[in-house]
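Trainee: Let's see this in three dimensions:
(chains A and B)
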Amino acid sequence: MTDVSSMRPGGLRGLAADWASDQRSFKTASWGKAMMWIFLLSDTFVFAIFLISYMSARSSTEAEWPNASEVFSLHLGGADLPLALIAIMTFVLISSSGTMAMAVNFAYARDRRRTAALIFATAAMGALFVGMQAFEWSKLIHEGVRPWGNPFGAEQFGATFFMITGFHGTHVSFGVIFLLIVGNKVRKGEFDSGRRSWLCREKGDYEAVEIMGLYWHFVDLVWVFIFAFFYLW
Amino acid sequence: MSSTSEDPDSGIPPAEVPDLPPPHAHGFWSRWVFSQDAKYIALQYSGTAIAIGLVALVLSWLIRMQLGFPGVFHFISAEAYYQFITMHGMIMVVYLLTAIFLGGFGNYLIPLMVGARDMVFPFVNMLSFWMYFAAVVVLAASFFAPGGPTGAGWTLYPPQAILSGTPGGTQWGIVLMLVSLILFIIGFTMGGLNYAVTVLQARTRGMTLMRMPLTIWGIFTATVMALLAFPALFVAAVMMLFDRLLGTSFFMPALVEMGEHLSYGGGSPIVFQHLFWFFGHPEVYIVALPAFGIVSDLIAVHARKNIFGYRMMVWAIVIIGALSFIVWAHHMYVSGMHPYFGFFFATTTLIIAVPTAIKVYNWVLTLHRGDIHLTLPMLFSLGFIVTFLNGGLTGLFLGNVVVDVPLSDTMFVVAHFHMVMGVAPIMVIYGAIYHWFPLITGRMLSHGMGLVHFWVTFIGAYAIFFPMHYVGLVGVPRRYPEIEAAFVPDSVATLNAFITVAALIVGAAQLLFLFNIAWSLRFGRRSGLNPWRAASLEWQTPDMPPRHGNWGEALPVVHRWAYDYSVPGAPRDYIAQDDPGPAAAWRHEP
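Mentor: Take a look at the predicted model:
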């Protein structure tokens, strides 16, 4: 066995050799982080296929597609404000990404109180987002939009809207639940003491906050695409 | 273990991953039911898959009885026939083949072959099995639901899948089918994340990716593909479920049924076909790649030779995996899509033949001048090469648009994919079970019973599927329970009867295999350590079968690839992967 470093190949071979290297392909990623990244890759395919199906339905349907800025307008102070609600929702969700990033930062610093507070703030904004989405749904349902038809145009509008925003809202809701769990663990100091969880007997640590953050940022990023394709197109 | 005891000049880097003990069982439930040991989960997966696979076997008998002797069996109505073919196809492709290769062999072999104590997240792994189990229960429940299981064909094409003319279309059948698929995908995702991360991040010291056995390369690539392909099926299943339950029209155009205008309108059935085959074609390779990998290892061990062109074999697996995502519409030449698509997809399809042919040549070249032991795993591997080559060649016919159009939806297609995707991977599963049974149980399977099983299965498979090509070429369409005698020559009826008799015999031979397992568990010859004198890591465990945690006190350290067989100058005809060896003169690595 000779010195490994002197035999390092260059170019594409070097690329392959780095990926194929001993023990770990991603040298800085823990198991949990690697797993979350791969899960998000898979989930990206789910959302991408949802959105492509929506685009395909929208471009092939015979009936006219409803005008987004009319359907999604909010009647406030005697005027119809196009996209008002959705602008607030998007603002809230993007802001929650900010608090999440700050939580991850304080988790690195092992700042238990601030980390917990910021995670709970993130969860609160996530819950607010889901609440506003419920309001939007009920408003549309009140106006007669159904999965099987609506008064504004092509019936696939309601179907794709409820399906895709519903699927995203489910992601946010699960995110809120897990944020509350992780936040509670931080608050109780379980990541400092290394206590095992009651369910799966794994020892948690502060990295859970970062992994949670990966998921949360992903859900926000997906929202940007849904926002663009549903509300701005 | 400590990394400091290692000679710093050995070139083996220090441990990067802490050697954590896997979770221990605390009692009856966590030991025998909700076990978190990957080896036990693998057996749970395999047992469930084989159990539901037996249902598919019985269904295939019923299908053949109807086709061979139409009108004789009065309990097989046309509706029942459609239900049989649908459930047979779906069970075999998803619930048996995918589950047993990834959930079964993946769980058992990945930690052992890469030198890990267990999967990275055993708890998630346990959930994965129980999700799969729930999916199987829901699927089996559809046999007892009002209206019976769905009879839409395993491709579940809308609009017919959710209309009243199809068995289970407006009743429970299709709903349970779609729910079961969704559960399966959720369960698989949990398992698949584990397999991928274990391979990428939890290998033992010295185990670079390019030292992994090809079995792991096949399972790993198939896992990654499944994580990217199953989303399409997931989305398609959710959308069709909405079409069926909520009255949306994702896949449903405006329709008149029994003189009545349905409330559907504006949807596109073709979108479903695209989504289905974006999953469905990679699915073929999700099943095939683990088979490719396993058969490479079986051939190397039982021919006592290093695999020919290891690097090429790895890249062929990866390239096949990547290409299989851009060939899906070759299943849709007659769907009415734009003809230019046919040009593109025919080209990509035929390009896949290149890496596949590389693999076949390399298997043959590995055998060339090898010390071939005609053990049961070797026999099944040879059977695989022949049947796979055969099925692959008819695939070249079907990949070309102009040839495919007249052959589409004939028994030729049925013969093709049963040869390439049915018989060939199942040959590998059998070979793998004969090979690894001693690792799992510490006993050998009976050789005599195995020989009967192999020859009946191999010759029988040809007796079934070779004439079926002819039946298809003369124009017999698939998915017809009965053909009017005026449309086909008499020879078709004769051949159909012959095929049916062969199918019944081959099916019975599989029961002999199950008996062999039960018999050998109790009376089989004890194998001792490493009965095949194999070099790969799973045979180097301190105990046979390996215990919880796999490796005893210390994790193994890997010094070489998995294929050092018959190395000139070596004291034995194999050098185990964890054998440090005295000199570089032995090194055979690529």
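Trainee: quick one, what contacts residue 155?
Mentor: Answering for chain A, as no chain was given. A:63, A:148-149, B:248-249, B:265-266 (CB atoms under 8 Å, 6 or more residues apart in numbering or on different chains). Where you see a C-beta, it was placed from the backbone N, CA and C, and this is true even at glycine.
Trainee: Wait, chain B was what I had in mind.
Mentor: B:273, B:276, B:280 are the contacts of B:Thr155 under CB under 8 Å, 6+ apart.
Trainee: Mind giving me the packing neighbours of the host helix or strand of the last one?
Mentor: Same thing as B:Gly280. Element membership for B:Gly280, per DSSP states H and E: helix B:269-302. Helix B:269-302 sits against helix A:31-60, helix B:214-245, helix B:310-323, helix B:339-367, helix B:376-399, helix B:424-441, with contacts defined as 3 or more CB pairs under 8 Å, 6 or more residues apart in numbering or on different chains; DSSP states H and E.
Trainee: Spit out the contact partners of the residue nearest to A:Ala68 when sequence neighbours are not counted.
Mentor: Spatially, and ignoring its direct neighbours in sequence, A:Ala68 is nearest to A:Tyr231 (5.3 Å; CB to CB, 6 or more residues apart in numbering or on different chains). By CB under 8 Å, 6+ apart, the residues touching A:Tyr231 are A:68, A:72, A:83, A:86.
Trainee: if we can go back for a sec, pipe the contacts of B:Thr155 into a markdown table and attach pLDDT and neighbour count per row.
Mentor: Converted to a markdown table, the contacts of B:Thr155 look like this (pLDDT from 0 to 100; neighbours: other CB atoms under 10 Å in any protein chain shown):
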| residue | pLDDT | neighbour count |
| --- | --- | --- |
| B:Gln273 | 96 | 23 |
| B:Phe276 | 97 | 24 |
| B:Gly280 | 95 | 19 |
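Trainee: my read: A:Val182 touches A:Ile119, true?
Mentor: Yes: using CB atoms under 8 Å, A:Val182 makes contact with A:Ile119 at a distance of 6.2 Å.
Trainee: Just want to know which of those two has more residues nearby.
Mentor: Neighbours were counted for A:Val182 and for A:Ile119 using other CB atoms under 10 Å in any protein chain shown; A:Ile119 has more, 30 against 26.
Trainee: Next one: that one from chain B, what distance?
Mentor: According to CB to the nearest CB, to the nearest Å, A:Ile119 and chain B sit 22 Å apart.
Trainee: ok, for that residue, nearest residue in space, not its chain neighbours?
Mentor: A:Gly183 (3.6 Å).
Trainee: quick one: the one you found is in a strand?
Mentor: No: using DSSP: H, G, I helix; E, B strand; the rest coil, the secondary structure at A:Gly183 is helix, not a strand.
Trainee: neighbours of it, just the number please.
Mentor: 22.
Trainee: anything in contact with each of A:Val182 and A:Ile119?
Mentor: Joint contacts of A:Val182 and A:Ile119 (CB under 8 Å, 6+ apart) are A:209, A:212.
Trainee: Just the ones of the contacts of A:Tyr231 in helices?
Mentor: A:68, A:86 (DSSP state H).
Trainee: for the lowest-mean-pLDDT helix or strand in chain A, packing partners?
Mentor: Here the helix or strand of chain A ranked lowest by mean pLDDT, DSSP states H and E is strand A:74-76, holding a mean of 77. The elements that strand A:74-76 packs onto, with contact taken as 3+ CB pairs under 8 Å, 6+ apart, are strand A:79-81, helix A:84-108.
Trainee: next one: the longest one to chain centre, how far?
Mentor: Right, the one you point to is helix A:84-108. Between the centre of helix A:84-108 and the centre of its chain there are 11 Å (CA atoms, centre = their mean, to the nearest Å).
Trainee: go on, stretch A:52-59?
Mentor: 22 Å.
Trainee: what's the model's confidence in it, averaged?
Mentor: For stretch A:52-59, mean pLDDT rounds to 94.
Trainee: Can I get that stretch in PDB, CA atoms only?
Mentor: C-alpha atoms of stretch A:52-59 as PDB (Å, rounded to 0.1, in the frame of the first residue of the first chain):
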ATOM      1  CA  ILE A  52     -46.000  19.900 -14.800                       C
ATOM      2  CA  SER A  53     -49.400  18.100 -14.700                       C
ATOM      3  CA  TYR A  54     -51.000  21.400 -13.800                       C
ATOM      4  CA  MET A  55     -49.300  23.100 -16.800                       C
ATOM      5  CA  SER A  56     -50.300  20.300 -19.100                       C
ATOM      6  CA  ALA A  57     -53.900  20.500 -17.900                       C
ATOM      7  CA  ARG A  58     -53.900  24.300 -18.200                       C
ATOM      8  CA  SER A  59     -52.500  24.300 -21.800                       C
END
